[in-house]
Structure formats: C-alpha cells, structure tokens
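Based on what follows, work out the 3D shape:
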Amino acid sequence: MVRLLFWIALIAAAVWFWRKFKRPASAPHNPAEPGSTPMVRCAHCGVHLPQDRALSLSQQWYCSQAHLEQGPGSQNR
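So this is what the prediction gives:
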C-alpha cells in the first residue's frame, strides 16, 4: 500500500514539474494598455470621450464646439 502511494506521489510530482516547465514564461500583467488615453466627461451633456478628442475650457471638457459655446449643462446629472 505504501509503495502504491509512493508511485502516485512520484507521478503527480513529475506531471506537475512537466507542466510547470512546459508553460511559456508569461509577461508581467499590465492593467493599462500602453496606448490608452484617459477618458473625460463633457461638462454640458455628460458623455464620456477620449481626452485627445475633447475640447478644454477653464478646466472643463466638452465633446463638441457647440457644447463648448453653450457652457456647462445642468448639475442634476
């Protein structure tokens, strides 16, 4: 009985080592993509858009020239 348990443990260890070394080395996980841009919210309508496509005025962001000219919308959003 002990001999059977020894062989089962030996085979399990061999399979574990084989899987561990067969696996390719994974790159470190980076949650943010390198090319991603921060999202901002339009002060008028509340839509979210990439910061590089938004228009800025007085530390507020807008989604279009029309909303920039109209100014901030209602604060009930």
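
wait, doesn't Asp52 sit right on Met39?
No - using Cβ atoms under 8 Å, Asp52 is not in contact with Met39, being 10.4 Å away. To be clear about C-beta, it is placed using only N, CA and C from the backbone, and glycine gets the same treatment.

okay, those two: which has more neighbours?
In this view Asp52 and Met39 are compared by other Cβ atoms under 10 Å, and Met39 has more residues nearby, 11 against 8.

Which parts of the chain are helices?
2-22, 65-70 (DSSP state H).

Buried residues of the last one, list them for me.
Buried positions in helix 65-70, judged by neighbour count with 16 or more other Cβ atoms under 10 Å: His67, Leu68.

Check the offset of it from the chain's centre.
Distance of helix 65-70 from its chain centroid, counting by Cα atoms, centre = their mean, to the nearest Å, is 31 Å.

likewise the first one?
Using Cα atoms, centre = their mean, the distance from the centre of helix 2-22 to the centre of the chain it belongs to is 38 Å.

Can I get stretch 10-20 in PDB, CA atoms only?
Output in PDB follows, covering the C-alpha atoms of stretch 10-20 (Å, rounded to 0.1, in the frame of the first residue of the first chain):
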ATOM      1  CA  LEU A  10       6.000  10.500  -7.800                       C
ATOM      2  CA  ILE A  11       3.900  10.500 -10.900                       C
ATOM      3  CA  ALA A  12       1.900  13.500  -9.700                       C
ATOM      4  CA  ALA A  13       5.100  15.400  -8.900                       C
ATOM      5  CA  ALA A  14       6.500  14.500 -12.400                       C
ATOM      6  CA  VAL A  15       3.400  15.800 -14.100                       C
ATOM      7  CA  TRP A  16       3.400  19.000 -12.100                       C
ATOM      8  CA  PHE A  17       7.100  19.700 -13.000                       C
ATOM      9  CA  TRP A  18       6.500  18.900 -16.600                       C
ATOM     10  CA  ARG A  19       3.500  21.300 -16.800                       C
ATOM     11  CA  LYS A  20       5.400  24.000 -14.900                       C
END
